[in-house]
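J.: have a look; sequence and predicted model below, questions after that.
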Amino acid sequence: MLSNETGILRNIEKLGERYYEDLLVKRWKKEKLETDWWEGLKFFFSHSFMRGRITVRTISPSIL
């Protein structure tokens with residue numbers, strides 16, 4: 001059981017690293033986020049709210 005949990009945690013870690021490299025690094029500059037409060041606030045808000053996004057789970061089956 002511990003082996004399975006370790007594998008799951010490694011997978012989550014790899015996905016986090018991939019998210020960081022593929023999405024965050026390309027759009028946001030770490031130095032700017034750390035020194036410019038406005039850029040940091042925009043980053044926070046852009047990752048904190050759903051902004052009208054929907055998922056398949058939130059759509060009723062009759063719409064699909």
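T.: Structure's in. What do you need?
J.: next structured bit after the helix-or-strand element of the chain with minimal mean pLDDT?
T.: None of the helices or strands of the chain scores lower by mean pLDDT, DSSP states H and E than helix 25-27, at a mean of 80. As assigned by DSSP states H and E, the chain's next helix or strand after helix 25-27 is helix 30-35.
J.: got the CA coordinates for that following helix in CSV?
T.: What follows is helix 30-35, C-alpha atoms only, in CSV (Å, rounded to 0.1, in the frame of the first residue of the first chain):
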residue,chain,number,x,y,z
LYS,A,30,9.5,34.9,-11.3
GLU,A,31,11.6,38.0,-10.7
LYS,A,32,8.8,40.3,-11.7
LEU,A,33,6.3,38.5,-9.5
GLU,A,34,8.6,38.9,-6.5
THR,A,35,9.4,42.6,-7.1
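J.: show me what that helix is packed up against.
T.: helix 37-48 (3 or more C-beta pairs under 8 Å, 6 or more residues apart in numbering; DSSP states H and E). C-betas here are computed from N, CA, C, even on glycine.
J.: which outside residues touch the helix it packs on?
T.: 28, 29, 32, 33, 34 (C-beta atoms under 8 Å, 6 or more residues apart in numbering).
J.: could you check the pLDDT of the nearest residue to the second one once chain neighbours are set aside?
T.: Distances taken as C-beta to C-beta, 6 or more residues apart in numbering put residue 39 closest to residue 29, at 7.9 Å, once the chain neighbours are dropped. Among the per-residue scores, residue 39 shows a pLDDT of 90.
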